[in-house]
Each structure stands twice: as C-alpha cells, then as structure tokens.
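**Student:** A structural model of the following input is requested.
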Amino acid sequence: MKKILCLTIALLMALTAFAALAEDHYPGFDVQYREGDPAANTDVEITSTDKIMWTIAVCVTEDNPQSVGVTRIGEELAEKTNGNFTWDIFYNSELGSEGEAVELCRNNTVQFVTSNVTTMPDYVERIGVYALPYLFHTAEDQLTYLATSPVAFDMWKDLEEQSNLVTLGFQCSGSRCLSTKGVKQIAAPADLKGVKVRCMGAQVWQDVIAALGATPVPVAYTELYTALQTGVVSGQDNPASNTVDGKFYEVLDTFYETNHCYLISGFYTNATAWDKLPEDYKALLAGLCQKYLGDQYKIDIDAFTEDCYKTMEDAGVKIVGQDELDMDAFYASAAEMIENNYMSDDAYKTTIEDVNATFGY
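**Tutor:** The predicted structure is shown next:
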C-alpha cells in the first residue's frame, strides 16, 4: 500500500511539474514549416566537429533583454560544441539598420539577424497584415499563430523563396499603447474624437490611430518629444519601453493599456548557412532559441517592462488598465476600419478570416 501511495504521489508530482513546464513554454519558437529540420533539443548529443563561425546582427543595445538572450545562446553554443560553433555578435545596429542587417543576412555576410516582422513586407507584401490593430487580442495568440498556423507557414515559405531567409521563431517585446497629455481620461474610441495623436508616416499606421478614434498626425520619432511638449500632438502610441527610453513620459500624463498592436521580432538565418549546419548543431541552436529568446526572455522582458511602468508612475503618469476601457468598442472600431480598408485585398482577407476563426474573435 505504501508503495502504491508513493508511486501515486510521484506521478502527481510529475504531472504537476509537466503542467508547470507547459505553462512556462513560450509559444513563439514552435516553428516547424521546413520539412526535415530536426526538433529543438538543448540536450542533443553533439558528435559533429565542424568548425563554424557565424556573424550575428542585433539592432538593440547590448543590455536589452533580446541582446542578453542572443549572448547566452552564443556562449552555450560554444560550450556545448567544444568551441566549434561560435558567434561573433554585433549589437546596437553596428552593422546597419534593421533593413540593412536583413540584407546582409540575405547575402550571407551575416548568418543570424533579428528584425521586426513589419520589416518583412518588403519581401512578401502580405506579411504586412500583422501591422493591423487588434488583429490579435493577446500577444500569446499572435505568437502561437505565427509559430503554428499553416497560413503563416505559407508566408515563411514564400519569405525563404523570395529572400533566402529561414524563419526560426518570434518574440514579443511589448505592445503599442496610447498615451496622452492634457486630454480628459478616455474609455472608448469616441472619446478621442479630434485628439491629435502622433503616428508614423505609412498609411497603415495612420489607419491604426484612426481606428483608435483619434486624428493621426505623422511626426518623426526624433521630433516626438518636442511635438508633445509644444502641443503639436496630444498623444502617441509607443510601448512602455520606448515611452521610457525616449523620456516621453516627461511630457505625458496618462498611459492607456490599449495593446492595439504587438511588437513582434522575428529571428532569421541565412538559408545557405542554415543548410550547411550539421543536424545536431541545428537541433541545439533551435533549442537554445526556445530557452533564451523564448522562456527566459519572457521572464526578463516582464521585469524590464515592470521597471518601465514604475518609472512612469514615479513621474506621475497615470496607468489606465483595460478594465477601465471599453475594449469591445476598440475591437469594433478596428474591425470596421479593417473591413473598409483591407478586406478587399484577398491575401489580407485570407489571414484576417483565419485569425478570427482560429481564436473566435
């Protein structure tokens, strides 16, 4: 009886541990659109002795959680391959802007690059659908879709054909949120009528601000602080991290957790370089991406974001959560804009309808 009881307890503990592991699993690196690639495995037995050195382009500062993850991958790759697979990492756009770094990866000057997904419509136009507001209602939904959806997989196949880039996975570094200065606290898009909010120049970003109910005003990022300070605009829609990094919180008084667009970074490798890797190196690298750019990154970015919120609150900025917003009204406003402006494009329509069917929006 004692033996049975012990086995039962052990089984329950194992199931509990498995449930916790599953809960902690970051969904962005489950990408398996390429047939024949090995499964991610940080414990794979390394038997290859090929000496390979990759150049890595990262477009954020060395202390950014994304850069920290890339650094950890390089260190563990070298350790587990006995120094045979090494990374030479360049941070803070040392090798050029995101677009320039992607081009270097395309021609195999760089072998691994990080870039916002919204950069990729330059190669496959329909990837631009992921810039639309409230296409996804949570970051987890978007990461899951990008990493597992057959519709998304078709895009990554096209991207490889058009640009020679293999898609390894995705992470979310935050969400675009509305913040304002001198505007009575709002709850729905109707409350923003006539309020001038800064946007980027492209039409899709003007449509995003219009869907929030505000009047879009294109302003360069470098001019945004002054524009808020002088009243040229009364709001912006950067994530908490940018709002703190750019010190915009100094000229804002209210930050709304609208989460209307998620900032998704993709991780790409040159197809030629990837196919030359031994299978055990591929499995190890994929596993380390999950470990450090997924699971551990979630812990790091949550702490980083919490620090940004504290900085804003300490400066007197009021944080308004979604429980104080009419989210259904925001979803409906975005859906109306998308219906009017984007559903006539069959490529966009296919993805939009598939996302809605997948998540029941």
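**Student:** which residues of the chain score low on pLDDT?
**Tutor:** Applying pLDDT under 70 to the chain flags residues 1-23.
**Student:** now the helices for it?
**Tutor:** Using DSSP state H, the helices found in the chain span residues 2-24, 65-80, 98-106, 139-148, 150-163, 203-211, 224-230, 240-245, 271-276, 279-288, 296-314, 327-341, 346-359.
**Student:** quick one, what contacts the closest residue to N116 other than its chain neighbours?
**Tutor:** Leaving aside its sequence neighbours, N116 sits nearest to S265 (C-beta to C-beta, 6 or more residues apart in numbering; 5.8 Å). For glycine as for every other residue, the C-beta is placed from the backbone atoms N, C-alpha and C. Counting by C-beta atoms under 8 Å, 6 or more residues apart in numbering, S265 touches Q66, T114, S115, N116, V117, F170, Q171, C172, S173.
**Student:** residues near D302, how many?
**Tutor:** By the criterion of other C-beta atoms under 10 Å, D302 has 11 neighbours.
**Student:** Could you do K51 as well?
**Tutor:** K51 has 10 neighbours, counted by other C-beta under 10 Å.
**Student:** can you check T47 too?
**Tutor:** Using other C-beta under 10 Å, T47 has 8 neighbouring residues.
**Student:** I'd guessed it sits against D280; true?
**Tutor:** Yes - contact criterion C-beta atoms under 8 Å: T47 and D280 qualify, at 6.1 Å.
**Student:** Was I right to think L192 contacts G213?
**Tutor:** Yes - the pair L192 and G213 qualifies as a contact (C-beta under 8 Å) at a distance of 3.7 Å.
**Student:** quick one: which of the two has more around it?
**Tutor:** Shown here are L192 and G213; by other C-beta under 10 Å, L192 has more neighbours (24 against 20).
**Student:** Contact partners for that one?
**Tutor:** If you count contacts by C-beta under 8 Å, 6+ apart, L192 has them with L178, V183, I186, L212, G213, A214.
**Student:** how close does the fourth one get to Q229?
**Tutor:** Here the distance between L212 and Q229 works out to 22 Å (C-beta to C-beta, to the nearest Å).
**Student:** Who has more neighbours out of these two?
**Tutor:** Ranked by neighbour count (other C-beta under 10 Å), L212 and Q229 place L212 first, with 27 against 13.
**Student:** Provide a list of residues in contact with the more buried one.
**Tutor:** P133, L178, P189, L192, V197, D237, T258, H260, F330, S333.
**Student:** Now distance to K157 too, for those residues, in TSV please.
**Tutor:** Shown next, in TSV, are these (distance: C-beta to C-beta, whole Å):
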residue	distance to K157
P133	27
L178	36
P189	37
L192	40
V197	37
D237	32
T258	33
H260	29
F330	33
S333	34
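**Student:** right, and out of these, which lies closest to E140?
**Tutor:** H260 (16.0 Å; C-beta to C-beta).
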